[in-house]
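Asks: Quick one, what's the 3D model for this:
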Amino acid sequence: MQVLINFGIVIASVAFMEFVAWWSHKYVMHGWGWGWHRDHHEPHNNTFEKNDLYAIVGSAISISLFIIGAWLWEPATWMGVGVMIYGLIYTLIHDGLVHQRYFRWVPKSGYAKRLVQAHKLHHATIGKEGGVSFGFIVAEDPAKLKQELKRQREAGIAVVRDSVGAS
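Replies: Residues are numbered from 1 along each chain as shown. Next comes the predicted model:
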(Lines give C-alpha, C1' and ligand atoms only; values in the text may rest on other atoms or scores of the structure.)
Protein backbone atom coordinates (compact mmCIF):
# COMPACT_ATOMS: atom_id res chain seq x y z
CA MET A 1 0.00 0.00 0.00
CA GLN A 2 2.86 2.42 0.80
CA VAL A 3 4.20 1.98 -2.74
CA LEU A 4 0.86 3.22 -4.13
CA ILE A 5 0.84 6.18 -1.76
CA ASN A 6 4.39 7.11 -2.75
CA PHE A 7 3.52 6.73 -6.44
CA GLY A 8 0.47 8.97 -5.89
CA ILE A 9 2.64 11.61 -4.22
CA VAL A 10 5.03 11.55 -7.20
CA ILE A 11 2.19 11.87 -9.76
CA ALA A 12 0.49 14.63 -7.74
CA SER A 13 3.79 16.49 -7.45
CA VAL A 14 4.40 16.31 -11.21
CA ALA A 15 0.86 17.62 -11.85
CA PHE A 16 1.25 20.37 -9.24
CA MET A 17 4.54 21.43 -10.81
CA GLU A 18 2.73 22.28 -14.05
CA PHE A 19 0.70 24.81 -12.05
CA VAL A 20 3.86 26.07 -10.29
CA ALA A 21 5.62 26.36 -13.65
CA TRP A 22 2.66 28.20 -15.23
CA TRP A 23 2.41 30.62 -12.29
CA SER A 24 6.14 31.28 -12.02
CA HIS A 25 6.47 31.65 -15.80
CA LYS A 26 3.62 34.16 -15.98
CA TYR A 27 4.22 36.16 -12.79
CA VAL A 28 7.93 35.74 -12.03
CA MET A 29 9.68 35.14 -15.36
CA HIS A 30 7.46 37.69 -17.13
CA GLY A 31 7.47 39.91 -14.04
CA TRP A 32 10.25 40.76 -11.61
CA GLY A 33 12.39 37.84 -12.89
CA TRP A 34 12.41 39.08 -16.50
CA GLY A 35 16.14 39.83 -16.21
CA TRP A 36 16.88 36.09 -16.22
CA HIS A 37 14.17 35.21 -18.73
CA ARG A 38 14.59 37.98 -21.31
CA ASP A 39 17.37 36.32 -23.33
CA HIS A 40 15.14 33.29 -23.81
CA HIS A 41 12.81 35.53 -25.86
CA GLU A 42 15.56 37.18 -27.89
CA PRO A 43 17.73 35.75 -30.68
CA HIS A 44 21.20 34.68 -29.61
CA ASN A 45 23.94 32.19 -30.46
CA ASN A 46 24.85 31.23 -26.90
CA THR A 47 24.75 27.62 -25.74
CA PHE A 48 23.40 28.72 -22.39
CA GLU A 49 20.92 31.44 -21.44
CA LYS A 50 20.44 33.33 -18.18
CA ASN A 51 17.01 31.66 -18.29
CA ASP A 52 18.79 28.36 -17.55
CA LEU A 53 19.30 29.65 -14.01
CA TYR A 54 15.63 28.81 -13.41
CA ALA A 55 16.55 25.13 -13.89
CA ILE A 56 19.02 25.52 -11.04
CA VAL A 57 16.23 26.95 -8.88
CA GLY A 58 14.05 23.94 -9.74
CA SER A 59 16.94 21.59 -8.94
CA ALA A 60 17.47 23.31 -5.59
CA ILE A 61 13.78 22.80 -4.76
CA SER A 62 14.02 19.11 -5.62
CA ILE A 63 17.25 18.64 -3.64
CA SER A 64 15.73 20.48 -0.66
CA LEU A 65 12.76 18.13 -0.72
CA PHE A 66 15.11 15.11 -0.79
CA ILE A 67 16.94 16.50 2.26
CA ILE A 68 13.70 17.21 4.12
CA GLY A 69 12.54 13.70 3.24
CA ALA A 70 15.73 12.11 4.53
CA TRP A 71 15.82 14.06 7.79
CA LEU A 72 12.33 15.22 8.73
CA TRP A 73 9.36 14.04 6.73
CA GLU A 74 9.61 11.01 4.42
CA PRO A 75 6.84 12.03 1.95
CA ALA A 76 8.97 15.04 0.93
CA THR A 77 11.35 12.55 -0.73
CA TRP A 78 8.58 11.51 -3.12
CA MET A 79 7.67 15.13 -3.73
CA GLY A 80 11.32 15.70 -4.64
CA VAL A 81 11.09 12.80 -7.10
CA GLY A 82 8.01 14.45 -8.67
CA VAL A 83 9.78 17.81 -8.99
CA MET A 84 12.78 16.04 -10.54
CA ILE A 85 10.57 14.17 -13.03
CA TYR A 86 8.84 17.42 -13.97
CA GLY A 87 12.26 18.98 -14.55
CA LEU A 88 13.20 16.11 -16.86
CA ILE A 89 9.91 16.45 -18.74
CA TYR A 90 10.46 20.20 -19.02
CA THR A 91 13.99 19.68 -20.32
CA LEU A 92 12.89 17.16 -22.94
CA ILE A 93 9.75 19.03 -24.07
CA HIS A 94 10.69 22.70 -23.73
CA ASP A 95 14.42 22.70 -24.37
CA GLY A 96 14.55 19.57 -26.53
CA LEU A 97 11.36 19.39 -28.58
CA VAL A 98 10.20 23.01 -28.72
CA HIS A 99 13.53 24.86 -28.89
CA GLN A 100 15.50 21.94 -30.35
CA ARG A 101 18.52 22.50 -28.12
CA TYR A 102 19.31 18.76 -27.86
CA PHE A 103 17.71 17.06 -30.84
CA ARG A 104 15.93 17.86 -34.12
CA TRP A 105 12.41 16.56 -34.60
CA VAL A 106 9.44 18.52 -35.87
CA PRO A 107 6.18 16.75 -35.01
CA LYS A 108 3.64 16.65 -37.82
CA SER A 109 0.54 15.94 -35.74
CA GLY A 110 -0.90 15.19 -32.33
CA TYR A 111 -0.05 16.37 -28.86
CA ALA A 112 3.63 17.05 -29.61
CA LYS A 113 2.72 19.36 -32.51
CA ARG A 114 0.20 21.17 -30.30
CA LEU A 115 2.86 21.69 -27.61
CA VAL A 116 5.28 23.16 -30.14
CA GLN A 117 2.61 25.43 -31.65
CA ALA A 118 1.42 26.66 -28.25
CA HIS A 119 4.92 27.54 -27.11
CA LYS A 120 5.78 29.20 -30.42
CA LEU A 121 2.68 31.35 -29.87
CA HIS A 122 4.02 32.16 -26.40
CA HIS A 123 7.08 33.58 -28.15
CA ALA A 124 4.92 35.65 -30.52
CA THR A 125 4.92 38.65 -28.20
CA ILE A 126 7.74 41.16 -28.00
CA GLY A 127 8.71 41.96 -24.42
CA LYS A 128 7.33 40.66 -21.17
CA GLU A 129 3.79 42.09 -21.36
CA GLY A 130 0.78 40.00 -22.35
CA GLY A 131 1.32 36.65 -23.94
CA VAL A 132 -0.29 33.23 -23.95
CA SER A 133 0.57 29.63 -23.07
CA PHE A 134 2.68 29.92 -19.94
CA GLY A 135 2.55 26.21 -19.06
CA PHE A 136 4.92 23.58 -20.40
CA ILE A 137 2.96 20.30 -20.45
CA VAL A 138 -0.61 21.52 -20.91
CA ALA A 139 -1.10 23.19 -24.28
CA GLU A 140 -4.26 25.04 -25.21
CA ASP A 141 -5.76 24.97 -28.71
CA PRO A 142 -3.51 27.09 -30.97
CA ALA A 143 -6.55 28.66 -32.67
CA LYS A 144 -7.77 29.96 -29.29
CA LEU A 145 -4.29 31.20 -28.44
CA LYS A 146 -4.14 33.14 -31.73
CA GLN A 147 -7.51 34.71 -30.93
CA GLU A 148 -6.22 35.77 -27.50
CA LEU A 149 -3.07 37.25 -29.04
CA LYS A 150 -5.22 39.21 -31.49
CA ARG A 151 -7.36 40.48 -28.59
CA GLN A 152 -4.23 41.51 -26.65
CA ARG A 153 -2.79 43.30 -29.68
CA GLU A 154 -6.05 45.21 -30.30
CA ALA A 155 -6.36 46.12 -26.61
CA GLY A 156 -2.76 47.36 -26.50
CA ILE A 157 -1.84 44.78 -23.84
CA ALA A 158 0.92 43.16 -25.88
CA VAL A 159 3.09 43.81 -28.89
CA VAL A 160 2.61 40.80 -31.14
CA ARG A 161 4.98 39.96 -33.97
CA ASP A 162 3.38 40.65 -37.36
CA SER A 163 3.52 37.06 -38.59
CA VAL A 164 1.46 35.63 -35.69
CA GLY A 165 -1.81 36.35 -33.99
CA ALA A 166 -3.32 38.66 -36.58
CA SER A 167 -5.69 36.09 -38.07
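Asks: check contacts around the residue nearest the centre of the chain.
Replies: When CA atoms, centre = their mean is applied to the chain, the residue found nearest the centroid is Phe136 (3.6 Å). Listed by CB atoms under 8 Å, 6 or more residues apart in numbering, the contact set of Phe136 reads 18, 21-22, 25, 89-90, 93-94, 119. For the C-beta atoms, the positions are set from N, CA and C on the backbone; glycine is no exception.
Asks: now, which of those residues lie within helices?
Replies: 18, 21-22, 89-90, 119 (DSSP state H).
Asks: for this protein, what are the low-confidence residue spans?
Replies: 163-167 (pLDDT under 70).
Asks: if we go to 50?
Replies: Applying pLDDT under 50 to the chain picks out residues 165-167.
Asks: Break it into its domains for me.
Replies: 1-105, 107-167 (automatic domain parsing).
Asks: Surely Arg114 is in contact with Ile137?
Replies: No - look at Arg114 against Ile137 with CB atoms under 8 Å: they stay out of range, at 11.2 Å.
Asks: Val106 - that's part of a strand, no?
Replies: No - secondary structure of Val106 (DSSP: H, G, I helix; E, B strand; the rest coil): coil, not part of a strand.
Asks: check contacts around the residue nearest to it when sequence neighbours are not counted.
Replies: Spatial nearest neighbour of Val106, chain neighbours left out: Val116 (7.4 Å); criterion: CB to CB, 6 or more residues apart in numbering. Counting by CB under 8 Å, 6+ apart, Val116 makes contact with 97-98, 106-107.
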